[in-house]
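> For reference, the sequence and a predicted model appear below.
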Amino acid sequence: MAEQRKIRVAVVFGGRSSEHEISCVTAGSVLSVIDADRYEVVPVGITRDGDWVLASGDPRRLAITDGRLPEVAGDGASLALPFSGGSGFLVVSPERVPQAIGEVDVVLPLLHGPFGEDGTLQGLLEMMGARYAGSGVFASAASMDKVFMKVLLAGQGIKVGPYVAVSDREWRRERKRILDDVAELGGVVFVKPARAGSSIGISRVPDAADAEAVTAAIEAARAHDPKVIVEAGISGREIECGVLESLDGGAPDVSLPAEIHVAEGFDFYDFEAKYLSSSRLTIPAELPTEVTERIRGLAAASFEAMGCEGLARVDFFYGDDGEVYVNEINTLPGFTPASAFPQMWAASGLDYPALVDRLIQTALRRSPGLR
């Protein structure tokens, strides 16, 4: 009797976005716990220039070492993607005919930011006919875009904070009008790239009426994305919830909530505060039972409203006014054991290896093609 082969999982990481290094750290964490008895891993790295390579599967090469963040070096065999109905990869080189490395059963995309979690990679995988973990094209794209995310959630009656959207065309043609709209937000505002993550490119402006400071913050955000969002600061507590697609087709599962405590010396939860400081989480967040259940219900409702699949992290403000506001939804949240998403699920009874396994198993149950 022939031995049953292992499930082949392509773990894809790196990418062209400013979150390249964080994606590599995530991949290293996943590779360190994936069940080698059940899964055969095909590690696929994408360089900063967009080259796909057969990468090392050694988690130690993808760890933060002496404060140095890892990256895809691009020294592995070059890969090409087949679009003839196959779900494998081809090794290519000038010296030989392209060689298939075998069918892949499921792709685990671990890319953060643009060209990874924004629907572009998801569309590519659907063209390949590959099963993959996480949300589909539209949910990924709409959730990544903080403006469209807020529009869609508000349309479902889910409360979001006041904001001003700044497109590239509007900024070039209607700068004064935009600055006037931002000034009307009043007080502190946060200026963000509309389609970036990991708190990259975000500025805190103490006074929305300070046109010079707002202009500088918008230009800083535009260095990462031509589309920008300016959000009114909400006085309150920062709460997060993890959401997982149900295994039985029912309502999504929601973790215990976590509260973010930003390290001393930081004005807000920026990149350094998030990854390189002593900022911490309280899990479960110390909230009244009614508020906890309201937040968990809104996390599930947000997941459903955006059409998400697989996983998502929903970020909230529990305002001093007693209201709960959805701030963002992240379809590929930070995924190292130290990240909020795995920590919330560990506190809810699902440890890190089981969480990785659940994402793979959920993806395997889907049929390739339109969702």
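Done, it's in. Numbers count the residues shown, from 1 in each chain.
> State the distance from the spatially most central residue of the chain to residue 180.
The centroid of the chain falls nearest to residue 332 when counting by CA atoms, centre = their mean (2.9 Å). In this view, residue 332 and residue 180 are 36 Å apart by CB to CB, to the nearest Å. Glycine gets a C-beta too; all of them are placed from N, C-alpha and C.
> picking that back up, does the residue nearest to the centre of the chain touch residue 118 like I think?
No. Using CB atoms under 8 Å, residue 332 is not in contact with residue 118; the gap is 9.6 Å.
> what residues are up against the residue nearest to the centre of the chain?
Neighbouring residues of residue 332 by CB atoms under 8 Å, 6 or more residues apart in numbering: 109-112, 116-117, 134, 311.
> Tell me the backbone dihedrals of it, please.
Torsion angles at residue 332 (phi, psi; degrees, to the nearest 10) stand at phi -140, psi 80.
> okay, and for the stretch 101-250 of the chain, where does confidence drop off?
101-102, 197-198 (pLDDT under 70).
> And the helices in it?
Assigned by DSSP state H, counting those that start in this stretch, the helices in the stretch 101-250 of the chain fall at 120-128, 137-144, 146-155, 168-173, 175-185, 211-222.
> The fourth one packs against which elements?
Contacts defined by 3 or more CB pairs under 8 Å, 6 or more residues apart in numbering; DSSP states H and E place helix 168-173 against helix 175-185, helix 211-222.
> Same question for the fifth one.
In terms of contacts (3+ CB pairs under 8 Å, 6+ apart), helix 175-185 is packed against strand 163-166, helix 168-173, helix 211-222, strand 228-232.
> Between these, which one is closest to residue 317.
Nearest to residue 317, of all the helices and strands packed on helix 175-185, is strand 228-232, at 10.0 Å by CB to CB.
> Please work out which residues outside the closest one touch it.
146-147, 161-166, 171, 182, 185-194, 208, 214, 217-218, 221-222, 327.
> quick one, that strand and helix 146-155 angle?
Relative orientation of strand 228-232 versus helix 146-155 (axes from the mean of the first three to the mean of the last three CA atoms, to 10 degrees): 50 degrees.
> and strand 228-232, how far from the chain's centre?
Mean-position distance between strand 228-232 and its chain equals 19 Å (CA atoms, centre = their mean, to the nearest Å).
> Then stretch 294-308?
16 Å.
> Give me the buried positions along that stretch.
For stretch 294-308, the neighbour count (16 or more other CB atoms under 10 Å) marks 294-296, 298-303, 305-308 as buried.
> Which of the residues you listed sits closest to residue 31?
Looking at the buried residues of stretch 294-308 and their distance to residue 31, the nearest is residue 308, at 24.6 Å (CB to CB).
> and that closest one, how far is that from residue 256?
Taken as CB to CB, the span from residue 308 to residue 256 is 19 Å.
> unless I'm mixing things up, residue 71 is touching residue 22, no?
No. Contact status for residue 71 versus residue 22: not in contact, 10.5 Å apart, counting by CB under 8 Å.
> Looking at those two, which has the bigger crowd around it?
Of the pair residue 71 and residue 22, residue 22 is the one with more neighbours under other CB atoms under 10 Å, namely 29 against 15.
> Validate this expectation: the more buried one resides in a helix.
Yes. Per DSSP: H, G, I helix; E, B strand; the rest coil, residue 22 lies within a helix segment.
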